[in-house]
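In: build me a structure from this.
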Amino acid sequence: MVEKVIDLNDIELVGFLGIENKNIQEVETAFPKTKIISRGNKISIKGNKEQLLEVEKIIKSLMSHYHKFGKIDKKTVLSHINNGFSNEENESIVYGSSGKRIYAKTSNQKKIVDLHEKNDLLFVIGPAGTGKTYVSVALGVKALKEKKIKKIIITRPVVEAGENLGFLPGDLQDKIDPYLKPIYDALEDMIPVQKMKKFIENKTIEIAPLAYMRGRTLKNAFILLDEAQNTTEAQLKMFLTRLGQNSKMIVTGDISQVDLRKNQSSGLIDAQNKLKGISGIGFTFLDSTDVLRHSLVKKILDKYHKS
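Out: Model prediction:
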């Protein structure tokens with residue numbers, strides 16, 4: 001058994017520990033192999049070394065939160081246990097069309113924000129429902145609002161239509177809109193409808209199938225490729241080499257949901273193997289703990305992952 005003592009200097013104990021130590025009990029419940037005892041202005045943590053280190057990290061994180069905000073409640077404690085930070089501490093990415101604050105809600109979503117800042121090309125890989133596309137779109141809208149870029153370009157492979165859209169009725173936009181509905185939904189959360197229509201009309205926001213990226217150099221832009229697991233190796237190579245000056249690119253995908261024909265290899269899996277370790281290119285991974293849909297979605301993903 002290992003013991004660690006933490007001093008609670010300059011902290012009002014009831015405000016930090018909670019009435020009858022309720023806040024600390026939440027931490028203890030989450031880590032049953034540890035025992036947390038409060039004595040005066042000190043906290044003693046005893047137990048399993050691995051869990052003790054986790055508890056120490058959470059306690060110190062809560063102390064930083066208390067010094068910054070002057071309060072701790074059950075919601076804050078649970079957020080630190082589950083995510084390593086609280087939503088109050090997490091900076092907004094952008095404010096939505098209704099004034100809603102849009103921010104990274106999990107520690108892995110926060111990594112998307114941090115790594116996008118540090119890299120010109122970022123791969124975000126994870127299952128459905130983890131917010132990878134939503135957070136990526138928010139980063140593009142933020143860059144546009146801050147005038148760091150001149151346009152947003154969003155694309156995805158339309159494998160359901162074989163990337164050959166000619167046989168479908170309507171103009172290009174009519175043909176691809178059903179495949180890009182999640183993108184439109186995200187944009188409508190962040191940009192007023194009339195303003196978004198204007199942006200689309202004047203090409204400030206451009207939404208097009210992947211095939212239409214060929215031969216272009218994408219400068220002064222935020223570029224998002226969604227559903228990249230459904231690109232072939234040649235398609236993804238073509239897309240990545242469109243990156244121009246003063247542009248940033250995010251590539252999202254779920255390597256567990258490849259819809260390509262059996263004789264085709266996923267470009268996303270290939271890129272994951274070839275491009276790791278290159279300066280300026282980042283990779284981040286999300287999992288079922290980041291799922292923000294119905295609680296059953298996480299359980300379903302966990303079962304399929306194990307099978």
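
In: as a whole number, average confidence for the helix or strand harbouring Leu78?
Out: Using DSSP states H and E, Leu78 sits within helix 74-83. Mean pLDDT, helix 74-83: 80.

In: ok, and what's touching the helix or strand following it?
Out: Counting by DSSP H and E, the element after helix 74-83 in chain order, helix or strand, is strand 92-95. By C-beta atoms under 8 Å, 6 or more residues apart in numbering, the residues outside strand 92-95 that reach it are 101-104, 113, 135, 138-139, 141-142, 145, 190. C-beta: built from backbone N, CA, C; applies to glycine.

In: ditto for stretch 211-218
Out: With C-beta under 8 Å, 6+ apart as the contact definition, stretch 211-218 has outside contacts at 153, 155, 163, 172, 238-239, 242-244, 247, 249.

In: ditto for stretch 133-142
Out: 93-94, 102, 104, 109, 112-113, 116, 124, 149, 152, 154, 182-183, 186-187, 189-191, 222, 224, 226, 250, 252.

In: run the last query once more with 7 Å
Out: 93-94, 102, 104, 109, 112-113, 116, 124, 152, 182-183, 186-187, 190-191, 222, 224, 226, 250, 252 (C-beta atoms under 7 Å, 6 or more residues apart in numbering).

In: I'd like the distance between the nearest residue to Gln229 once chain neighbours are set aside and Lys132.
Out: Leaving aside its chain neighbours, Gln229 sits nearest to Gly253 (3.9 Å; criterion: C-beta to C-beta, 6 or more residues apart in numbering). Gly253 sits at a distance of 8 Å from Lys132 (criterion: C-beta to C-beta, to the nearest Å).

In: okay, which residue is most central for this structure?
Out: Centroid-nearest residue in the chain: Gln109, 2.9 Å away (criterion: C-alpha atoms, centre = their mean).

In: ok, now how distant is the residue of the chain most remote from its centre from Gly47?
Out: What lies farthest from the middle of the chain is Gly40; by C-alpha atoms, centre = their mean that is 40.6 Å. Computed as C-beta to C-beta, the Gly40 to Gly47 distance reads 21 Å.

In: when Gly253 and Lys132 are compared, which one has more neighbours?
Out: Taking neighbours as other C-beta atoms under 10 Å, Gly253 and Lys132 compare with Gly253 leading, 29 against 25.

In: doesn't Leu224 make contact with that one?
Out: No. The pair Gly253 / Leu224 is not scored as a contact, 11.3 Å apart, by C-beta atoms under 7 Å.

In: show the low-confidence segments of this protein, by residue range.
Out: 68-69, 83-90, 159-177, 293-295, 298, 305-307 (pLDDT under 70).

In: now do the strands in it.
Out: Ranges of strands in the chain, per DSSP state E, are 2-7, 34-39, 42-47, 92-95, 101-103, 121-125, 151-156, 205-209, 221-225, 248-253, 281-285.

In: nearest to Val77 among those strands would be which one?
Out: Nearest to Val77, of all those, is strand 34-39, at 12.0 Å by C-beta to C-beta.

In: roughly how far out does the closest one sit from the chain middle?
Out: 35 Å (C-alpha atoms, centre = their mean, to the nearest Å).

In: over to stretch 49-65?
Out: On C-alpha atoms, centre = their mean, the centre of stretch 49-65 falls 24 Å from that of its chain.

In: show me the contacts for Ile45.
Out: Per C-beta under 7 Å, 6+ apart, neighbours of Ile45: 3-4, 34, 36, 52, 55-56.

In: just the buried ones from these?
Out: Among the contacts of Ile45, those scoring as buried are 4, 34, 36, 52, 55 (criterion: 16 or more other C-beta atoms under 10 Å).

In: distance of the third one from Ser64?
Out: When you say that, I think you mean Ile36. 18 Å.

In: before we move on, back to that, can you flag the buried ones in the contacts of stretch 133-142?
Out: Looking at these with 16+ other C-beta under 10 Å, the buried ones turn out to be 93-94, 102, 104, 109, 112-113, 116, 124, 152, 183, 186-187, 190-191, 222, 224, 226, 250, 252.

In: sort out which residues of stretch 228-237 are buried, please.
Out: Here stretch 228-237 shows 228-233, 235-236 as buried, counting by 16+ other C-beta under 10 Å.

In: quick one: which of the residues you listed sit in helices?
Out: 233, 235-236 (DSSP state H).
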